Structures are given as structure tokens and as C-alpha cells.
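Asker: give me the fold of what follows.
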Amino acid sequence: QVQLQESGPGLVKPSQTLSLTCTVSGGSMTAMYYYWNWFRQSPGKGLEWIGFISYSGKTTYSPSLKSRTAISRDTSQYRFTLDLDSVTPEDTAVYYCAAPRGGGAWDWGQGTQVTVSS
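Answerer: Model prediction:
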């Protein structure tokens, strides 16, 4: 079981880049079969998967967000980062980092609210 904590600005202006960091504790980011994910949940909507970076550094993104998304990592600092470009008010959501740990269980961060507004 790992502990995850999101951090980043709570307010981003339209057309700017949203950047969030997830700090990992209690485990190695390069341990086999760990996949470090980002999700979000907008008001009145369900949970939306954004993408992940794997233990080997491979990234996979949601097709609907792929053109605007980049996930990177700094294993020496035990963190991974989400960059979402050209944000609009539709990107306002609570953003979560999460990692599956087998057997259907997931470890989640507490979530961080991001509002896109001028």
C-alpha cells in the first residue's frame, strides 16, 4: 500500500496549462507493475480517467484528452506530474492521483480541486 498526495494550484486561467504533482510514499515508483494514474471528477459527472505512467516510464492517455495531456515522473523525488494544456472551464474538477495494488484495490490521494476561471 502506498500513500499519495496531490499538490498544485487551485485556480488556473483559461488557455493556460494546469500542472499537478502527486507525491508517492511507502513504495518504489519503479517497482514492477505499478501504474501511476490521474483521474478527475467534474461537478455532476462521474470519475474520468486521464492517463498513467507506468513503472517503466511508459505513458498511456485517454483518447479524449490525449492531445492536451502529458504525464511525467521524477523517481528520485518520488513524484509524478500531470500537465494539461489549453484548459477551459470544462476542465474544472477535483483531480486525483491513484495506483492499483492488485486484487481490484486502489490507493488514492485525497484529491485536489482545480478551478479554471479568469
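Asker: beta partners for the closest residue to residue 113 other than its chain neighbours?
Answerer: In space, residue 113 comes closest to residue 94 once its chain neighbours are excluded; the distance is 5.3 Å by Cβ to Cβ, 6 or more residues apart in numbering. All C-beta spots, glycine's among them, are computed from the backbone N, C-alpha and C. Judged by DSSP bridges, the bridge partners of residue 94 are residue 41, residue 113.
Asker: my guess is residue 94 contacts residue 115. True?
Answerer: No: contact criterion Cβ atoms under 8 Å: residue 94 and residue 115 do not qualify, at 10.1 Å.
Asker: the two: which has the busier surroundings?
Answerer: Just comparing residue 94 and residue 115: by other Cβ atoms under 10 Å the higher neighbour count belongs to residue 94, 16 against 12.
Asker: got a list of what the more buried one touches?
Answerer: Going by Cβ atoms under 8 Å, 6 or more residues apart in numbering, residue 94 touches 40-41, 111-114.
Asker: can we see that at 6 Å?
Answerer: For residue 94, the contact set (Cβ atoms under 6 Å, 6 or more residues apart in numbering) comprises 41, 111, 113.
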